[in-house]
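Peer 1: Take a look and give me a structure for this.
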Amino acid sequence: MTRECPPLTEYATIRRVSYKVLVLEGITDRGLEVLSAEGWDIDQKKAMPPAELAKIVAPYHAMTIRSGSQITAEVLEAARNLQVVGRPGVGVDNVDLEAATRLGVMVMNSPIGNLVATAELTLALILAVARNVAQADASMKAGKWERKSLGGVELHGKKLGVVGFGRIGREVAARCRALGMEVSACDPFVSQAVAEAQCVTLMPLDKLLETSDFITLHTTLTKESRHLIGKQALAKVKRGLRLVNAARGELVDEEALLAALEDGRVAGAALDVHAQEPPVDWRLVRHPRVVATPHVGAQTAEAQERVGTDIAVQVRDFLKGGIIRHAVNFFSLTGDVYDQVRPAMDLAGRLGAFLVQACPGKPERIEVGLYGDLRELDANPILAAAVAGVLRRAVRDENVTLVNARSLAGERGIEVVESTSSAKLAFSNLMAIRLKTSNGDFSVAGTLFGRDHLRLVDVDGVEVDAIPQGHLLLVKNDDTPGVVGHLGGVLGQRTVNIARMTVGRKPGSGRAVMLIEVDNEVPADALAELTRVPGVREARAISLG
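Peer 2: The predicted model follows:
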């Protein structure tokens, strides 16, 4: 099934006699009034399995959902009239964003309305775990008077580490600073200038773990961040740490946390989110030094009123005039224009992802150069794709999409620059991207052969020829005999099969670059061994999907 996404100007001219809107799991009374006031058909239903929803969804132009509804590819493919899905609050984990984007369905959330509620609950949990409030209450209800055993610690003068310095992290930091806490943050995509404006010290995760008296998590759940606070991280923490998690349950390895509580390394934990909700294993929740709540971060009357009304207004404004707020998956391109620019966007995203893995450090500037035929294309979606390729790898507190990539870069103090040139090239088109980070800069260039054949043709000034997909191994080495053979031996011992290899060098520099396409991911211990091969200066595994 294919769809064409009209540009905003086309949306703005659409006028239907009536839209049909499906409200699943309810929204606020005010939100219903906003939609009903347009004279549209509003159907309210309870959450239902995707197979049942797929049977009834075809007539609807818009849908609002909550966490109990799963909007799968099956549902989206059946929703042939659907233009927009609205989700009150932040989380859109229950929507197949890839399918929605492919089918031209806008997905929006309303992330602002529950910021205060979540930040205030986080502060409440910090206070509760510092002063044993829940334990003292339970003791009193049991008819006990246990003042001495329920002593706590003050927040004033303590060090708070914030993991993920997005909107909620900043709200929490401001409140804790007001209580006299010294706040540091770990977020690789927040600039020093942004941190200084918030009176917060940026530091790597390891240092934050080692120095913080309290740690609070405010980062999204990704493959990389799952069990971010696990056995290894907990082994590094300052003894007596108090941990707070009101973000995503799977950020914490619950078995490892339980062990750290038992041996006293962690003095207490306050958890509003859990790996499974409701929990199947209740041991951690029942631990005497754990304060646990049932995912109530956004459950205030004010927050629910705001996010419910906000999403209704967003859906109404989109249907009436094409106004887009808080989209998580949409870029405004007609079908014809999208077909023309899609290959370049694909190349830009892959080059950006390559760069951020090849050049560690905090991004400060992304320069995108378009040459030859690429100058004729709309540069905006290409730049967005390049920035998204960079940010998706490490931004932990936001859903990075083509729509929000540029604004997220701005929030983190990352400069995005475009350049073009009409100079004659060896290729009919060329895209060059340079990433400047706190540790230096790195460049990569690619070209398109036909519509869908992408090639890497330059890595940091060295000519190469590689396909930017799958698993790659980037090796910087001395231009001396024997290095290639040694590398092949190490990879062969680790059953890492080489599919294709390109070798290039800078004449007269004594330096060379190898770009190796492999069939499977290169293990970390193999990378470490590769760096010990004589003549190898650096080896990095790069994954491009």
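Peer 1: So Glu52: helix, strand or coil?
Peer 2: With DSSP: H, G, I helix; E, B strand; the rest coil as the basis, Glu52 sits in helix.
Peer 1: the strands in the stretch 151-300 of the chain, which residues?
Peer 2: With strands called from DSSP state E, counting those that start in this stretch, the stretch 151-300 of the chain shows them at 159-163, 182-186, 201-202, 214-217, 241-245, 266-271, 290-292.
Peer 1: Give me the contacts around stretch 21-39.
Peer 2: Outside stretch 21-39, the residues that touch it by C-beta atoms under 8 Å, 6 or more residues apart in numbering are 18-19, 40-48, 53, 56-57, 60-66, 68-69, 88, 304-305, 308-309, 311-313, 315-316, 319-320. Just so you know, the C-beta spots here come from the backbone N, C-alpha and C atoms, and that holds for glycine as well.
Peer 1: Next up, phi/psi of the residue lying farthest from the centre of the chain, please.
Peer 2: Distance from the C-alpha centroid of the chain peaks at Gly143, with 47.3 Å (C-alpha atoms, centre = their mean). Gly143 adopts backbone torsions of phi 80, psi 20, taken as degrees, to the nearest 10.
Peer 1: Please report how far it lies from Leu243.
Peer 2: Separation of Gly143 from Leu243 (C-beta to C-beta, to the nearest Å): 31 Å.
Peer 1: cool, Gln304 as well?
Peer 2: Going from Gln304 to Leu243 by C-beta to C-beta gives 27 Å.
Peer 1: Can you give me the buried ones in the helix or strand hosting Ile311?
Peer 2: Assigned by DSSP states H and E, Ile311 belongs to helix 301-321. By 16 or more other C-beta atoms under 10 Å, the buried positions in helix 301-321 come out as 303-316, 318-320.
Peer 1: now stretch 283-299
Peer 2: Those would be Leu284, Val285, His287, Arg289, Val290, Val291, Ala292, Thr293, Gly297, Ala298, for stretch 283-299 by 16+ other C-beta under 10 Å.
Peer 1: Among those, find the lowest-pLDDT one for me.
Peer 2: Note: of the buried residues of stretch 283-299, the lowest pLDDT belongs to Ala298, at 89.
Peer 1: Thought Asn114 was touching that residue, still the case?
Peer 2: Yes. Counting by C-beta atoms under 8 Å, Ala298 touches Asn114, with 3.8 Å between them.
Peer 1: Per-residue pLDDT of the nearest residue to Arg239 once chain neighbours are set aside, please?
Peer 2: Nearest residue to Arg239, sequence neighbours excluded (C-beta to C-beta, 6 or more residues apart in numbering): Arg265, at 5.5 Å. At Arg265, the model reports a pLDDT of 96.
Peer 1: list the contacts for Arg265?
Peer 2: Counting by C-beta under 8 Å, 6+ apart, Arg265 has contacts Leu234, Ala235, Val237, Arg239, Gly240, Leu241.
Peer 1: Just flag the most distant two among these.
Peer 2: Taking C-beta to C-beta, the two most distant members of the contacts of Arg265 are Ala235 and Gly240; they sit 14.4 Å apart.
Peer 1: Number of residues surrounding Leu123?
Peer 2: As a burial measure, Leu123 scores 20 neighbours (other C-beta atoms under 10 Å).
Peer 1: Please disregard the earlier target; I meant His453.
Peer 2: For His453, the neighbour count with other C-beta under 10 Å is 10.
Peer 1: name the helices or strands packed onto the lengthiest helix in the chain?
Peer 2: Taking DSSP state H as the criterion, the chain has its longest helix at helix 335-358. When contacts are defined as 3 or more C-beta pairs under 8 Å, 6 or more residues apart in numbering; DSSP states H and E, helix 335-358 sits against strand 363-372, helix 379-391, strand 429-437, strand 440-449, strand 453-459, strand 536-543.
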